[in-house]
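Asks: Provided below for reference: sequence and predicted model.
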Amino acid sequence: MKLLQFSTSHYCRKIRLILGYKNLNYEVENLTPGLHILRIKPLTGLTTMPVLCLDSGESIGDSTAIWQYLEQQYPDPPLLLADPVLNRQILLLEDWLDESIGIATRFVYYDYRAGAGKHLDTSWLSPIVVNLVRQQYKIQGPAVVLARQRLAQALEILAPWQDRPYLVGDRLTLADFTAAALLTPLQIIPEYQEHTWLWERVKAVHDVCGEPFPPF
């Protein structure tokens, strides 16, 4: 298998965590935002990342479609639980994190990278990519304010995570992998670094999956 990804994408990180948790061998190919469309649209018909290219020649786009395929084909260890009630909680968390919090993280992260975080990457390509992403997703004033509000709410909702090792049930599930991946970009932003309990949980998930956790 080969994972086509953006190296900094938190949605791609989600799939790397799951692949690592299931102990699957795969290669990674990093693509350049914007130019990636030329590579992936013929494969999936989509313009979003990540894309998982199978040995059979089939390609799967979208992180949700990818985890569903992996769970079906490689069920051990499982991403869900035996209890259907708990599974509904897991799937609700995954959808909320994907569709709301992951997007909010992107807005706040790239707003920071365009301003106070410029020093994090001084290469000539970095500001081009950052500006491209900000234009593509219309990352600007009011939208960033709303994203920060959503993240503040998310931290309140996820607060019980600091008192137990798993978001749902008694072992790691899709909910933990999704939260750990989609919140990771925030760890470079000073105002979020104070939530040490969060980064302890996120790092623990990364350690289990064999995925490097970027330092502050």
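Replies: In hand now; what should we look at?
Asks: ranges for the helices of the protein?
Replies: Ranges of helices in the chain, per DSSP state H, are 10-21, 36-44, 63-73, 84-96, 102-114, 125-137, 141-157, 174-183, 190-193, 196-209.
Asks: now these in CSV, with mean neighbour count?
Replies: All C-beta spots, glycine's among them, are computed from the backbone N, C-alpha and C. Conversion of those to CSV gives the following (neighbours: other CB atoms under 10 Å):
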stretch, mean neighbour count
helix 10-21, 23
helix 36-44, 15
helix 63-73, 17
helix 84-96, 15
helix 102-114, 22
helix 125-137, 15
helix 141-157, 14
helix 174-183, 27
helix 190-193, 14
helix 196-209, 18
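Asks: who wins for proximity to residue 57 among those?
Replies: Closest to residue 57 of those, according to CB to CB: helix 36-44, at 9.8 Å.
Asks: relative orientation of the closest one and helix 63-73 in degrees?
Replies: For helix 36-44 against helix 63-73, the angle by axes from the mean of the first three to the mean of the last three CA atoms, to 10 degrees is 40 degrees.
Asks: who does helix 36-44 touch, helix- and strand-wise?
Replies: Helix 36-44 makes packing contacts with strand 2-5, strand 51-53, strand 59-61 when contacts are defined by 3 or more CB pairs under 8 Å, 6 or more residues apart in numbering; DSSP states H and E.
Asks: make it 6 Å
Replies: Contacts defined by 3 or more CB pairs under 6 Å, 6 or more residues apart in numbering; DSSP states H and E place helix 36-44 against strand 59-61.
Asks: contact partners of the strand it packs on?
Replies: By CB atoms under 6 Å, 6 or more residues apart in numbering, the residues outside strand 59-61 that reach it are 43, 44, 46, 51, 52, 53, 66, 69.
Asks: Output the below-cut-off pLDDT ranges for this structure.
Replies: 215-216 (pLDDT under 70).
Asks: Mark out where each domain of this structure begins and ends.
Replies: For the chain, automatic domain parsing gives the domain ranges 2-73, 84-209.
Asks: What's the separation between residue 49 and residue 12?
Replies: Between residue 49 and residue 12 the distance is 6 Å, computed by CB to CB, to the nearest Å.
Asks: Quick one: residues contacting residue 9.
Replies: With CB under 6 Å, 6+ apart, residue 9 has these contacts: residue 49.
Asks: do the same with the one 5 residues further on
Replies: Contacts for residue 14 were tallied using CB under 6 Å, 6+ apart; they are 63, 178, 181.
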